[in-house]
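*Asks:* Have a look at this fold, sequence not included:
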């Protein structure tokens, strides 16, 4: 990667005996939406706070736009951060909330008003400039927080679980809005999330973290189709992990054919339906086979019942071999 906007080299942060971030190496390209993905306690939030300058590393280097950030305080870094809680001032209206940082920096009133108007237009809140946060929906408050971060024109925007406070229906629509805005502005976004679906649908690339370390970096397609380890295969989506000679095979549920007659595929086993989970556009089947239970995802078939004897089949190249 040429000229990354973020370069992290051997970055480590300990809290007592625990290495929250453990010798992390990572580059983020200019203008991409990069996600740090992992479960609770994996180190993703600590890494974001190190980027922001809220934590100081014990060792390693962190460069932003080619400049070493060692000892540089948060307010002097070319970044801004949008917090999960949004942290809006309830006594200020939308325009005042968005322009707060500009006023603190002493930006002239006319310029500040122009920049606030521009960013409110970008996030589609121009008609809400005089409303207070209490008069807004959750999605609108999120866009106010985003506008407040964008109005300072940072080179890099950090987002801490940006959709966590929204209900599921609103999250789905807001994902597309954030991606659209990021592409429109050409800014670099680094997003922390524990939500696999969120990271997979939004990020151009992502890093999966485990116990303070980055265990795989790639596009969503690469990480899903070619997981680097059993942990990644289990963490991203659903995977059937099968023991094979010399290692393991990760086999995604949608790569398996389910039928009442033996299919003409390279790999075939018999089983019995244990459970069925109907999810509208698909059904998930738990199939008991000789020695294991497999998960299969197919279009709903209302003729299948618990206890039915079925055949499972998959192509020779359907799975991905894991070394560990």
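*Replies:* Everything's here; your move. No experiment lies behind these values; they were computed from the predicted model shown.
*Asks:* can you pull the contacts of residue 43?
*Replies:* By CB atoms under 8 Å, 6 or more residues apart in numbering, residue 43 lies in contact with 20-22, 24, 209, 211-213. C-beta coordinates here come from the backbone N, C-alpha and C atoms, glycine included.
*Asks:* Closest one to residue 284 out of the residues you listed, please.
*Replies:* Lowest distance from residue 284 to the contacts of residue 43 (CB to CB) belongs to residue 209, with 27.0 Å.
*Asks:* Would you quantify the distance from the closest one to residue 291?
*Replies:* The gap separating residue 209 from residue 291 is 32 Å, by CB to CB, to the nearest Å.
*Asks:* Quick check, pLDDT for the most far-flung residue of the chain relative to its centre.
*Replies:* What lies farthest from the middle of the chain is residue 261; by CA atoms, centre = their mean that is 40.1 Å. According to the prediction, residue 261 has pLDDT 92.
*Asks:* what does residue 246 give?
*Replies:* 76.
*Asks:* tally of neighbours for it?
*Replies:* 7 (other CB atoms under 10 Å).
*Asks:* and what of the one 4 residues further on?
*Replies:* Counted with other CB under 10 Å, residues neighbouring residue 250 total 24.
*Asks:* Show me what the helix or strand that contains it is packed up against.
*Replies:* Secondary structure assignment for residue 250, by DSSP states H and E: strand 247-251. Using 3 or more CB pairs under 8 Å, 6 or more residues apart in numbering; DSSP states H and E, the elements in contact with strand 247-251 are helix 230-235, strand 240-244, strand 320-322.
*Asks:* Out of the ones you listed, flag the one nearest residue 12.
*Replies:* helix 230-235 (20.7 Å).
*Asks:* how far away is residue 314 from residue 253?
*Replies:* Residue 314 is 10 Å from residue 253, by CB to CB.
*Asks:* The two: which is more packed in?
*Replies:* Each of residue 314 and residue 253 has its neighbours counted (other CB under 10 Å); residue 314 has more, 22 against 18.
*Asks:* I figured that one was touching residue 269, is that so?
*Replies:* No: contact criterion CB atoms under 8 Å: residue 314 and residue 269 do not qualify, at 9.3 Å.
*Asks:* Show the contacting residues for residue 86.
*Replies:* 141-142, 144-145, 165.
*Asks:* what do you get if the cut-off is 7 Å, keeping everything else the same?
*Replies:* Residues counted as contacts of residue 86 (CB atoms under 7 Å, 6 or more residues apart in numbering) are 141-142, 145.
*Asks:* ok, residue 231 touching residue 215?
*Replies:* Yes: counting by CB atoms under 7 Å, residue 215 is a contact partner of residue 231 at 6.3 Å.
*Asks:* quick one: buried residues of stretch 222-230?
*Replies:* 223-224, 227-230 (16 or more other CB atoms under 10 Å).
*Asks:* Need the max-distance pair from those.
*Replies:* Going by CB to CB, the pair spanning the buried residues of stretch 222-230 furthest: 224 and 230, at 14.5 Å.
*Asks:* shaky segments in the stretch 101-250 of the chain?
*Replies:* The stretch 101-250 of the chain contains residues with pLDDT under 70 at 165.
*Asks:* what's the most distant pair in the contacts of residue 43?
*Replies:* 24 and 211 (11.5 Å).
*Asks:* out of these two, which sits in the busier spot?
*Replies:* The residue with more neighbours, out of residue 24 and residue 211, is residue 24; 24 against 15, by other CB under 10 Å.
*Asks:* Tell me the neighbouring strands of whatever helix or strand that one lives in, and mark each as parallel or antiparallel.
*Replies:* Secondary structure assignment for residue 24, by DSSP H and E: strand 18-28. Partners of strand 18-28 in the sheet, by DSSP bridges, are strand 6-15 (antiparallel).
*Asks:* Throw the helices and strands packed on strand 247-251 into CSV and include distance to residue 192, thanks.
*Replies:* Shown next, in CSV, are the helices and strands packed on strand 247-251 (distance: least, CB to CB, whole Å):
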stretch, distance to residue 192
helix 230-235, 15
strand 240-244, 27
strand 320-322, 26
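*Asks:* Residue 98: which of the ones you listed is closest?
*Replies:* Of the helices and strands packed on strand 247-251, nearest to residue 98 by CB to CB is helix 230-235, at 36.7 Å.
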